[in-house]
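>>> sequence? don't have it. structure:
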Ligand code: ATP
Ligand code: SF4
(Lines give C-alpha, C1' and ligand atoms only; values in the text may rest on other atoms or scores of the structure.)
(Ligands and ions follow the chains in the order given, each with its own letter.)
Protein backbone atom coordinates (compact mmCIF):
# COMPACT_ATOMS: atom_id res chain seq x y z
CA UNK A 1 0.00 0.00 0.00
CA UNK A 2 1.39 3.46 -0.89
CA UNK A 3 2.19 5.95 1.88
CA UNK A 4 -0.53 8.47 2.73
CA UNK A 5 -0.28 12.02 1.35
CA UNK A 6 -0.32 13.47 4.84
CA UNK A 7 0.70 12.02 8.18
CA UNK A 8 0.12 14.21 11.21
CA UNK A 9 1.73 12.80 14.34
CA UNK A 10 1.26 14.01 17.92
CA UNK A 11 0.89 17.61 16.82
CA UNK A 12 0.73 20.16 19.63
CA UNK A 13 0.11 23.87 19.10
CA UNK A 14 -0.20 26.09 22.16
CA UNK A 15 -0.87 29.82 22.56
CA UNK A 16 1.17 31.16 25.46
CA UNK A 17 -0.97 33.84 27.12
CA UNK A 18 -0.48 35.49 30.50
CA UNK A 19 -2.68 32.95 32.27
CA UNK A 20 -0.79 29.98 30.81
CA UNK A 21 -0.79 27.78 27.70
CA UNK A 22 -3.97 27.54 25.61
CA UNK A 23 -3.76 23.99 24.22
CA UNK A 24 -5.44 24.73 20.89
CA UNK A 25 -4.18 21.54 19.21
CA UNK A 26 -3.22 18.83 21.66
CA UNK A 27 -1.58 15.62 20.55
CA UNK A 28 -3.42 15.26 17.26
CA UNK A 29 -2.53 12.40 14.90
CA UNK A 30 -4.17 11.33 11.64
CA UNK A 31 -3.43 10.23 8.06
CA UNK A 32 -4.92 11.43 4.83
CA UNK A 33 -4.70 9.69 1.45
CA UNK A 34 -4.16 11.23 -2.00
CA UNK A 35 -7.23 12.57 -3.83
CA UNK A 36 -9.39 12.67 -0.71
CA UNK A 37 -11.55 15.58 0.37
CA UNK A 38 -11.67 15.63 4.14
CA UNK A 39 -13.95 17.85 6.19
CA UNK A 40 -12.60 19.10 9.52
CA UNK A 41 -15.51 19.98 11.80
CA UNK A 42 -16.12 20.94 15.41
CA UNK A 43 -17.65 23.77 17.42
CA UNK A 44 -16.07 27.20 17.51
CA UNK A 45 -12.76 27.15 19.38
CA UNK A 46 -12.09 23.45 18.85
CA UNK A 47 -8.77 24.18 17.11
CA UNK A 48 -9.65 23.79 13.43
CA UNK A 49 -8.11 27.05 12.23
CA UNK A 50 -5.06 26.54 14.43
CA UNK A 51 -4.59 23.14 12.81
CA UNK A 52 -4.76 24.75 9.33
CA UNK A 53 -2.40 27.58 10.26
CA UNK A 54 0.06 25.10 11.77
CA UNK A 55 0.12 23.12 8.53
CA UNK A 56 0.91 26.31 6.63
CA UNK A 57 3.49 27.17 9.33
CA UNK A 58 1.63 30.43 9.84
CA UNK A 59 1.23 30.25 13.63
CA UNK A 60 2.28 33.61 15.06
CA UNK A 61 3.32 34.42 18.66
CA UNK A 62 1.99 33.87 21.26
CA UNK A 63 1.26 30.65 19.35
CA UNK A 64 3.91 27.97 18.89
CA UNK A 65 4.16 24.48 17.44
CA UNK A 66 5.26 22.65 20.57
CA UNK A 67 5.95 19.32 18.96
CA UNK A 68 4.91 16.61 16.58
CA UNK A 69 5.25 16.03 12.86
CA UNK A 70 3.28 16.97 9.76
CA UNK A 71 4.68 14.80 6.98
CA UNK A 72 3.42 15.88 3.56
CA UNK A 73 4.46 13.58 0.76
CA UNK A 74 7.51 12.46 2.75
CA UNK A 75 8.60 15.91 4.01
CA UNK A 76 8.10 16.95 7.62
CA UNK A 77 6.74 20.50 7.40
CA UNK A 78 7.63 21.16 11.05
CA UNK A 79 11.36 20.93 10.35
CA UNK A 80 11.53 23.06 7.17
CA UNK A 81 13.33 26.41 7.21
CA UNK A 82 11.30 29.55 6.41
CA UNK A 83 12.70 29.56 2.86
CA UNK A 84 11.97 25.87 2.29
CA UNK A 85 8.44 26.44 3.59
CA UNK A 86 7.96 29.41 1.23
CA UNK A 87 8.85 27.12 -1.67
CA UNK A 88 6.54 24.42 -0.37
CA UNK A 89 3.57 26.77 -0.16
CA UNK A 90 1.54 26.87 -3.33
CA UNK A 91 3.79 24.32 -5.02
CA UNK A 92 2.93 21.53 -2.56
CA UNK A 93 0.48 23.11 -0.20
CA UNK A 94 -1.98 25.97 -0.65
CA UNK A 95 -4.55 27.56 1.60
CA UNK A 96 -7.79 29.36 0.90
CA UNK A 97 -8.12 31.24 4.19
CA UNK A 98 -11.28 32.59 5.85
CA UNK A 99 -12.25 35.75 3.95
CA UNK A 100 -9.54 35.04 1.35
CA UNK A 101 -11.05 37.60 -1.00
CA UNK A 102 -9.86 40.38 1.31
CA UNK A 103 -6.28 39.24 0.76
CA UNK A 104 -6.27 40.42 -2.88
CA UNK A 105 -4.19 43.53 -3.56
CA UNK A 106 -6.77 46.31 -4.22
CA UNK A 107 -4.49 48.31 -6.54
CA UNK A 108 -3.31 45.49 -8.80
CA UNK A 109 -5.15 43.93 -11.73
CA UNK A 110 -6.16 40.29 -11.27
CA UNK A 111 -3.91 38.90 -14.02
CA UNK A 112 -0.83 40.64 -12.55
CA UNK A 113 -1.58 39.25 -9.08
CA UNK A 114 -1.97 35.76 -10.48
CA UNK A 115 1.14 35.96 -12.69
CA UNK A 116 3.24 37.41 -9.84
CA UNK A 117 2.05 34.61 -7.56
CA UNK A 118 3.17 31.98 -10.05
CA UNK A 119 6.54 33.68 -10.72
CA UNK A 120 7.08 34.00 -6.98
CA UNK A 121 6.73 30.25 -6.75
CA UNK A 122 9.26 29.54 -9.47
CA UNK A 123 6.90 28.86 -12.33
CA UNK A 124 8.92 27.78 -15.37
CA UNK A 125 6.35 29.19 -17.81
CA UNK A 126 7.14 32.07 -20.19
CA UNK A 127 5.24 35.40 -19.92
CA UNK A 128 2.83 34.39 -22.70
CA UNK A 129 2.31 30.97 -21.19
CA UNK A 130 1.61 32.59 -17.82
CA UNK A 131 -1.03 34.87 -19.40
CA UNK A 132 -2.62 31.83 -21.04
CA UNK A 133 -2.51 29.97 -17.73
CA UNK A 134 -4.37 32.85 -16.05
CA UNK A 135 -7.14 32.52 -18.65
CA UNK A 136 -7.26 28.78 -18.14
CA UNK A 137 -7.43 29.17 -14.35
CA UNK A 138 -10.19 31.80 -14.53
CA UNK A 139 -12.22 29.56 -16.84
CA UNK A 140 -11.76 26.64 -14.43
CA UNK A 141 -13.53 28.63 -11.70
CA UNK A 142 -16.27 29.80 -14.09
CA UNK A 143 -15.05 33.39 -14.43
CA UNK A 144 -15.16 35.44 -17.62
CA UNK A 145 -11.73 36.05 -19.25
CA UNK A 146 -12.35 39.81 -18.88
CA UNK A 147 -11.86 39.43 -15.12
CA UNK A 148 -8.10 39.23 -15.80
CA UNK A 149 -7.99 42.95 -16.56
CA UNK A 150 -10.12 44.04 -13.63
CA UNK A 151 -9.26 45.33 -10.17
CA UNK A 152 -10.66 43.54 -7.08
CA UNK A 153 -13.15 46.36 -6.34
CA UNK A 154 -14.81 45.71 -9.70
CA UNK A 155 -15.66 42.16 -8.63
CA UNK A 156 -18.36 40.81 -6.31
CA UNK A 157 -17.40 38.86 -3.16
CA UNK A 158 -18.16 35.56 -4.86
CA UNK A 159 -16.03 36.48 -7.89
CA UNK A 160 -13.11 37.50 -5.67
CA UNK A 161 -13.39 34.23 -3.80
CA UNK A 162 -13.31 32.38 -7.13
CA UNK A 163 -10.11 34.27 -8.02
CA UNK A 164 -8.60 33.05 -4.72
CA UNK A 165 -9.63 29.48 -5.52
CA UNK A 166 -7.99 29.84 -8.97
CA UNK A 167 -4.80 31.16 -7.35
CA UNK A 168 -4.72 28.25 -4.90
CA UNK A 169 -4.71 25.68 -7.71
CA UNK A 170 -2.28 27.64 -9.95
CA UNK A 171 0.76 25.55 -9.08
CA UNK A 172 -1.18 22.29 -8.79
CA UNK A 173 -0.39 21.74 -5.10
CA UNK A 174 -0.54 18.31 -3.50
CA UNK A 175 -2.91 19.55 -0.80
CA UNK A 176 -5.30 22.49 -0.50
CA UNK A 177 -6.57 23.63 2.89
CA UNK A 178 -9.77 25.65 2.67
CA UNK A 179 -10.77 27.34 5.95
CA UNK A 180 -14.50 28.13 5.78
CA UNK A 181 -13.92 29.24 2.17
CA UNK A 182 -17.42 30.58 1.66
CA UNK A 183 -18.40 31.80 5.13
CA UNK A 184 -18.26 35.52 4.23
CA UNK A 185 -20.66 35.09 1.31
CA UNK A 186 -24.45 34.93 1.20
CA UNK A 187 -26.04 31.49 1.16
CA UNK A 188 -26.81 31.25 -2.57
CA UNK A 189 -23.32 32.41 -3.60
CA UNK A 190 -21.81 30.09 -0.96
CA UNK A 191 -23.48 27.13 -2.62
CA UNK A 192 -22.32 28.17 -6.11
CA UNK A 193 -18.69 28.64 -5.03
CA UNK A 194 -18.78 25.31 -3.17
CA UNK A 195 -20.11 23.61 -6.30
CA UNK A 196 -17.18 25.03 -8.28
CA UNK A 197 -14.70 23.84 -5.64
CA UNK A 198 -16.32 20.38 -5.65
CA UNK A 199 -16.20 20.13 -9.41
CA UNK A 200 -12.53 21.19 -9.50
CA UNK A 201 -11.67 18.72 -6.77
CA UNK A 202 -13.14 15.84 -8.76
CA UNK A 203 -11.80 17.02 -12.14
CA UNK A 204 -8.24 17.63 -10.94
CA UNK A 205 -8.25 14.88 -8.31
CA UNK A 206 -7.28 17.46 -5.68
CA UNK A 207 -6.59 16.48 -2.11
CA UNK A 208 -8.36 18.92 0.14
CA UNK A 209 -9.04 19.66 3.79
CA UNK A 210 -12.24 21.64 4.09
CA UNK A 211 -12.77 23.32 7.45
CA UNK A 212 -16.24 24.26 8.61
CA UNK A 213 -18.87 24.31 11.34
CA UNK A 214 -21.59 23.03 9.11
CA UNK A 215 -21.93 19.24 9.40
CA UNK A 216 -24.87 19.38 6.95
CA UNK A 217 -22.75 21.05 4.25
CA UNK A 218 -19.94 18.59 4.92
CA UNK A 219 -22.30 15.65 4.47
CA UNK A 220 -22.89 16.76 0.91
CA UNK A 221 -19.38 17.44 -0.23
CA UNK A 222 -16.59 15.53 1.53
CA UNK A 223 -15.37 11.91 1.36
CA UNK A 224 -14.20 11.77 4.94
CA UNK A 225 -15.04 13.69 8.09
CA UNK A 226 -12.65 14.52 10.95
CA UNK A 227 -14.24 15.75 14.18
CA UNK A 228 -12.28 17.94 16.60
CA UNK A 229 -13.25 18.95 20.12
CA UNK A 230 -11.26 21.12 22.53
CA UNK A 231 -8.01 20.72 20.63
CA UNK A 232 -8.25 16.96 20.21
CA UNK A 233 -9.30 14.67 17.39
CA UNK A 234 -12.41 12.72 18.40
CA UNK A 235 -13.34 10.69 15.33
CA UNK A 236 -12.38 10.28 11.69
CA UNK A 237 -14.12 8.18 9.10
CA UNK A 238 -15.79 7.91 5.76
CA UNK A 239 -18.63 10.46 5.54
CA UNK A 240 -21.45 7.97 5.03
CA UNK A 241 -20.31 5.80 7.94
CA UNK A 242 -19.95 8.81 10.24
CA UNK A 243 -23.51 9.97 9.51
CA UNK A 244 -25.06 6.49 9.54
CA UNK A 245 -23.38 5.32 12.69
CA UNK A 246 -21.42 7.99 14.57
CA UNK A 247 -19.34 6.17 17.18
CA UNK A 248 -18.12 9.05 19.34
CA UNK A 249 -20.75 10.61 21.65
CA UNK A 250 -19.64 14.10 20.52
CA UNK A 251 -20.11 13.22 16.84
CA UNK A 252 -23.52 11.75 17.74
CA UNK A 253 -24.55 15.01 19.42
CA UNK A 254 -23.21 17.13 16.53
CA UNK A 255 -25.34 15.14 14.10
CA UNK A 256 -28.41 15.10 16.37
CA UNK A 257 -28.20 18.87 16.74
CA UNK A 258 -28.43 19.42 12.99
CA UNK A 259 -31.61 21.21 11.97
CA UNK A 260 -34.25 18.80 10.64
CA UNK A 261 -37.54 19.56 8.91
CA UNK A 262 -39.62 18.29 11.86
CA UNK A 263 -38.22 20.93 14.20
CA UNK A 264 -38.59 23.63 11.56
CA UNK A 265 -34.88 23.90 10.89
CA UNK A 266 -33.97 25.01 14.44
CA UNK A 267 -30.36 24.29 15.37
CA UNK A 268 -30.58 22.80 18.85
CA UNK A 269 -26.89 22.95 19.84
CA UNK A 270 -25.11 20.67 22.28
CA UNK A 271 -25.87 21.15 25.99
CA UNK A 272 -23.06 22.49 28.17
CA UNK A 273 -20.12 24.71 27.35
CA UNK A 274 -16.75 23.94 25.79
CA UNK A 275 -14.01 23.67 28.42
CA UNK A 276 -11.21 26.17 28.86
CA UNK A 277 -8.22 25.11 26.81
CA UNK A 278 -6.00 26.78 29.42
CA UNK A 279 -6.99 24.12 31.87
CA UNK A 280 -8.76 21.31 30.02
CA UNK A 281 -10.52 18.56 32.02
CA UNK A 282 -8.47 15.54 33.09
CA UNK A 283 -9.13 12.28 31.30
CA UNK A 284 -11.42 12.54 28.28
CA UNK A 285 -11.70 16.22 27.45
CA UNK A 286 -15.40 15.70 26.57
CA UNK A 287 -16.42 14.07 29.88
CA UNK A 288 -17.93 17.29 31.29
CA UNK A 289 -20.60 17.24 28.56
CA UNK A 290 -20.78 13.59 27.64
CA UNK A 291 -24.09 11.83 28.45
CA UNK A 292 -22.27 8.48 28.48
CA UNK A 293 -19.31 9.38 30.72
CA UNK A 294 -18.33 7.10 33.61
CA UNK A 295 -15.52 7.08 36.17
CA UNK A 296 -12.77 5.97 33.83
CA UNK A 297 -13.52 8.91 31.51
CA UNK A 298 -12.51 11.37 34.26
CA UNK A 299 -9.21 9.62 34.86
CA UNK A 300 -7.76 8.37 31.61
CA UNK A 301 -7.34 10.04 28.21
CA UNK A 302 -8.81 7.72 25.56
CA UNK A 303 -6.35 6.71 22.84
CA UNK A 304 -7.20 7.57 19.23
CA UNK A 305 -7.43 4.11 17.67
CA UNK A 306 -8.61 2.50 14.45
CA UNK A 307 -11.72 0.58 15.53
CA UNK A 308 -12.83 -0.40 12.02
CA UNK A 309 -10.98 -0.11 8.73
CA UNK A 310 -10.45 3.62 8.17
CA UNK A 311 -12.51 4.57 11.23
CA UNK A 312 -10.63 6.15 14.12
CA UNK A 313 -12.18 7.04 17.48
CA UNK A 314 -10.97 8.42 20.82
CA UNK A 315 -13.54 7.12 23.31
CA UNK A 316 -13.35 4.53 26.10
CA UNK A 317 -16.70 3.09 24.95
CA UNK A 318 -14.88 1.77 21.90
CA UNK A 319 -11.39 1.24 23.17
CA UNK A 320 -11.56 0.35 26.88
P1 LIG B 1 -13.70 28.87 14.81
O2 LIG B 1 -14.58 27.81 14.22
O3 LIG B 1 -14.43 29.83 15.69
O4 LIG B 1 -12.80 29.52 13.81
P5 LIG B 1 -11.63 27.02 15.56
O6 LIG B 1 -12.14 25.66 15.80
O7 LIG B 1 -11.00 27.30 14.26
O8 LIG B 1 -12.75 28.09 15.86
P9 LIG B 1 -9.22 28.13 16.72
O10 LIG B 1 -9.47 29.47 16.11
O11 LIG B 1 -8.14 27.31 16.18
O12 LIG B 1 -10.57 27.29 16.74
O13 LIG B 1 -8.99 28.36 18.26
C14 LIG B 1 -8.64 27.30 19.16
C15 LIG B 1 -8.35 27.89 20.53
O16 LIG B 1 -7.17 28.67 20.48
C17 LIG B 1 -9.45 28.77 21.06
O18 LIG B 1 -9.58 28.53 22.45
C19 LIG B 1 -8.93 30.16 20.82
O20 LIG B 1 -9.43 31.05 21.79
C21 LIG B 1 -7.44 29.96 20.98
N22 LIG B 1 -6.67 30.94 20.18
C23 LIG B 1 -6.68 31.08 18.83
N24 LIG B 1 -5.84 32.07 18.43
C25 LIG B 1 -5.28 32.57 19.57
C26 LIG B 1 -4.33 33.59 19.84
N27 LIG B 1 -3.76 34.30 18.86
N28 LIG B 1 -4.00 33.82 21.13
C29 LIG B 1 -4.54 33.10 22.13
N30 LIG B 1 -5.45 32.10 21.96
C31 LIG B 1 -5.81 31.84 20.70
FE1 SF4 C 1 -17.83 10.12 26.67
FE2 SF4 C 1 -16.13 8.68 28.07
FE3 SF4 C 1 -16.24 8.39 25.46
FE4 SF4 C 1 -15.22 10.60 26.53
S5 SF4 C 1 -14.36 8.56 26.72
S6 SF4 C 1 -16.62 10.49 24.84
S7 SF4 C 1 -16.52 10.87 28.31
S8 SF4 C 1 -17.85 7.91 26.94
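Now that the structure is in, tell me what you want to look at. Small disclaimer: the values here were computed from a predicted structure and weren't measured. Ligands and ions are numbered 1, 2, ... in the order given.

>>> Go ahead and confirm residue 6 touches residue 175.
Yes. Using Cβ atoms under 8 Å, residue 6 is in contact with residue 175, at 6.3 Å. Just so you know, the C-beta spots here come from the backbone N, C-alpha and C atoms, and that holds for glycine as well.

>>> Surely residue 284 is within a strand?
No. Applying DSSP: H, G, I helix; E, B strand; the rest coil, one finds residue 284 to be coil, outside a strand.

>>> which residues are common contacts for residue 6 and residue 175?
Counting by Cβ atoms under 8 Å, 6 or more residues apart in numbering, the common neighbours of residue 6 and residue 175 are 32, 72, 207.

>>> top of those residues by neighbour count?
residue 207 (24 neighbours; other Cβ atoms under 10 Å).

>>> Next, that one: phi, psi?
Per-residue torsions, residue 207: phi -100, psi 130 (degrees, to the nearest 10).

>>> who does it bridge with?
residue 175 (DSSP bridges).

>>> could we number from 51 for the rest of this?
From this message on, residue numbering opens at 51, which makes the last subject residue 257.

>>> got the contact list for it?
55, 56, 82, 83, 84, 85, 86, 87, 224, 225, 226.

>>> What separation do you get for the residue most central in space within the chain and ligand 2?
With distances taken as Cα atoms, centre = their mean, residue 261 lies nearest the centre of the chain, 3.6 Å away. Using Cβ to the nearest ligand atom, to the nearest Å, residue 261 is found at 22 Å from ligand 2.

>>> hmm, back to that, closest one of the shared contacts of residue 56 and residue 225 to ligand 2?
residue 82 (23.2 Å; Cβ to the nearest ligand atom).

>>> Weed out the non-buried ones from the contacts of residue 257.
For those, a burial check counting by 16 or more other Cβ atoms under 10 Å picks out 55, 56, 82, 83, 86, 87, 224, 225, 226.

>>> for the residue nearest to the second one when sequence neighbours are not counted, phi and psi?
The shortest distance from residue 56 to any residue that is not its chain neighbour, by Cβ to Cβ, 6 or more residues apart in numbering, is 4.2 Å, and that residue is residue 82. As for residue 82, its main-chain torsions (degrees, to the nearest 10) stand at phi -140, psi 130.

>>> Tell me how far residue 82 lies from residue 339.
28 Å (Cβ to Cβ, to the nearest Å).
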